[in-house]
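Participant: Prediction below, plus the sequence it came from.
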Number of protein chains: 2
Amino acid sequence: MATKNYQRIGEVTFSRMEKVNAELFTLTYGAVVTQLIKDYENIDEVNKQLDKMGYNIGCRCIDEYFAKSNAGRCNDFKDAAEALSKVGFKMFLGINARVQSFNADNTEFSVVLDENPLADFVELPDHLLRSNLSFSNIISGVIRGAFEMAMFRVETRFVKDQLRGDDVNEIRVILKELLEEKAPQDDD
Amino acid sequence: MATKNYQRIGEVTFSRMEKVNAELFTLTYGAVVTQLIKDYENIDEVNKQLDKMGYNIGCRCIDEYFAKSNAGRCNDFKDAAEALSKVGFKMFLGINARVQSFNADNTEFSVVLDENPLADFVELPDHLLRSNLSFSNIISGVIRGAFEMAMFRVETRFVKDQLRGDDVNEIRVILKELLEEKAPQDDD
């Protein structure tokens, strides 16, 4: 089985997509987080809402992924990790991501982002730095939603965040269950 | 005074901007509106929140506009309308907009959008069609914020919306006050 050139697929797909200004996206996302912090007093609830929003977006992104990238289905969880980092992040956010730190039985990995368009020019004020706000948590949700549509139920969470002084942004993705496709109805 | 070629400025600026996938932006914006509808029972309040978010974004966009477009300051309200439609909409949303229906004393105009990336593939369910939800109201707010930073206090509102079956999207912009720049402190 030939290895797919996901990097090339990601670049070509991104170049063909309709686009908007990344700064506008950043500002809009910032407004969302600000709104949620105002509406929910509890920061855990804010993280949860961002994750939920992301989940719904991820469930839709997967259609776009298959329709526009021609990358085809993934062979296994490891292959899905590659597709996520090289096609997914490129075609939606225009950035390069990399996969690392797979565990021994290939059921956990990290996606590492050197840059994060959601948090460009963002500085968390002290009281939010002291809270457990996961500012870019929508990304965790998007990965969770997209993977679930690809039949991998996963848990996701930020384990490093440049907004908190870490050198990179790192999201841990943990496989919880291989979902089963319902067999298509046979018309014969 | 030479007329600025705003169309060209808009295209060149957009081509130079960092970008993200428009579909991702649309999905994210849809998640925001859904969240607000859930959080506020009153649709008037949702429209107001979208306008406020937009206002804050618009106040920031104007910096990006001056920093990246080199379009310079506007001569008057009519000039600002042209800059908004040809540079602003192009450099942030990647779309063409046009100005029409100026009133006799040049204090009101409409911006017309044949396409609206915020509402791509969106269909309002019946109960929202019956409400007075202005789905893309964030755009009204962005214009209001950006114009205020450019010393024009305006009122803005959607008067046509393709989501409601209109042929185009039309935002009416009404000049309420010419703001005065504070004279810079003289150090001499």
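Facilitator: Now that the structure is in, tell me what you want to look at.
Participant: What is the neighbour count of residue A:112?
Facilitator: Using other Cβ atoms under 10 Å in any protein chain shown, residue A:112 has 18 neighbouring residues. Any C-beta I mention is one placed from the backbone N, CA and C, and that applies to glycine too.
Participant: and it, what is it in contact with?
Facilitator: By Cβ atoms under 8 Å, 6 or more residues apart in numbering or on different chains, the contact set of residue A:112 is A:97-100, A:160, A:168-170.
Participant: beta partners for it?
Facilitator: Beta-bridge partners for residue A:112, by DSSP bridges, are residue A:98, residue A:170.
Participant: What distance do you get for it to chain B?
Facilitator: When distance is defined by Cβ to the nearest Cβ, to the nearest Å, residue A:112 is 19 Å away from chain B.
Participant: Show me which residues of chain A are close to chain B?
Facilitator: Applying Cβ under 8 Å from any Cβ of the partner chain, we find that chain A lies next to chain B at A:14, A:17-25, A:27-29, A:31-32, A:35-36, A:39, A:49, A:53, A:56-57, A:60-61, A:64, A:91-94, A:117, A:138.
Participant: Show me which of the residues you listed are buried.
Facilitator: A:14, A:17, A:19-25, A:27-29, A:31-32, A:35-36, A:39, A:49, A:53, A:56-57, A:60-61, A:64, A:91-94, A:117, A:138 (16 or more other Cβ atoms under 10 Å in any protein chain shown).
Participant: coming back round to it: which of the residues of chain A next to chain B fall within strands?
Facilitator: Within the residues of chain A next to chain B, residues falling in strands by DSSP state E are A:19-21.
Participant: remind me which residues of chain A are low pLDDT?
Facilitator: A:1-3, A:183-188 (pLDDT under 70).
Participant: Longest helix in it, please.
Facilitator: Secondary structure assigned by DSSP state H gives helix A:43-69 as the longest helix of chain A.
Participant: Determine the set of other helices and strands touching that one.
Facilitator: Contacts defined by 3 or more Cβ pairs under 8 Å, 6 or more residues apart in numbering or on different chains; DSSP states H and E place helix A:43-69 against helix A:6-16, helix A:22-39, helix A:89-93, helix A:137-149, helix B:22-39.
Participant: can I get these in CSV with distance to residue B:179?
Facilitator: Output for the helices and strands packed on helix A:43-69, formatted as CSV (distance: least, Cβ to Cβ, whole Å):
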stretch, distance to residue B:179
helix A:6-16, 41
helix A:22-39, 22
helix A:89-93, 37
helix A:137-149, 36
helix B:22-39, 29
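Participant: Out of those helices, which gets nearest to residue B:75?
Facilitator: Nearest of the helices and strands packed on helix A:43-69 to residue B:75, taken as Cβ to Cβ: helix A:22-39 at 25.7 Å.
Participant: how about the closest one as CSV, C-alpha atoms only?
Facilitator: Provided in CSV are the C-alpha atoms of helix A:22-39 (Å, rounded to 0.1, in the frame of the first residue of the first chain):
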residue,chain,number,x,y,z
ALA,A,22,-7.0,35.1,9.3
GLU,A,23,-7.0,38.3,11.4
LEU,A,24,-10.8,38.5,11.1
PHE,A,25,-11.1,34.9,12.1
THR,A,26,-8.8,35.5,15.1
LEU,A,27,-10.9,38.6,16.2
THR,A,28,-14.1,36.7,15.7
TYR,A,29,-12.9,33.8,17.8
GLY,A,30,-11.7,36.1,20.5
ALA,A,31,-15.1,37.7,20.6
VAL,A,32,-16.7,34.3,21.1
VAL,A,33,-14.4,33.4,24.0
THR,A,34,-15.1,36.8,25.6
GLN,A,35,-18.8,36.3,25.2
LEU,A,36,-18.7,32.8,26.8
ILE,A,37,-16.7,34.1,29.7
LYS,A,38,-19.4,36.8,30.2
ASP,A,39,-22.2,34.3,29.9
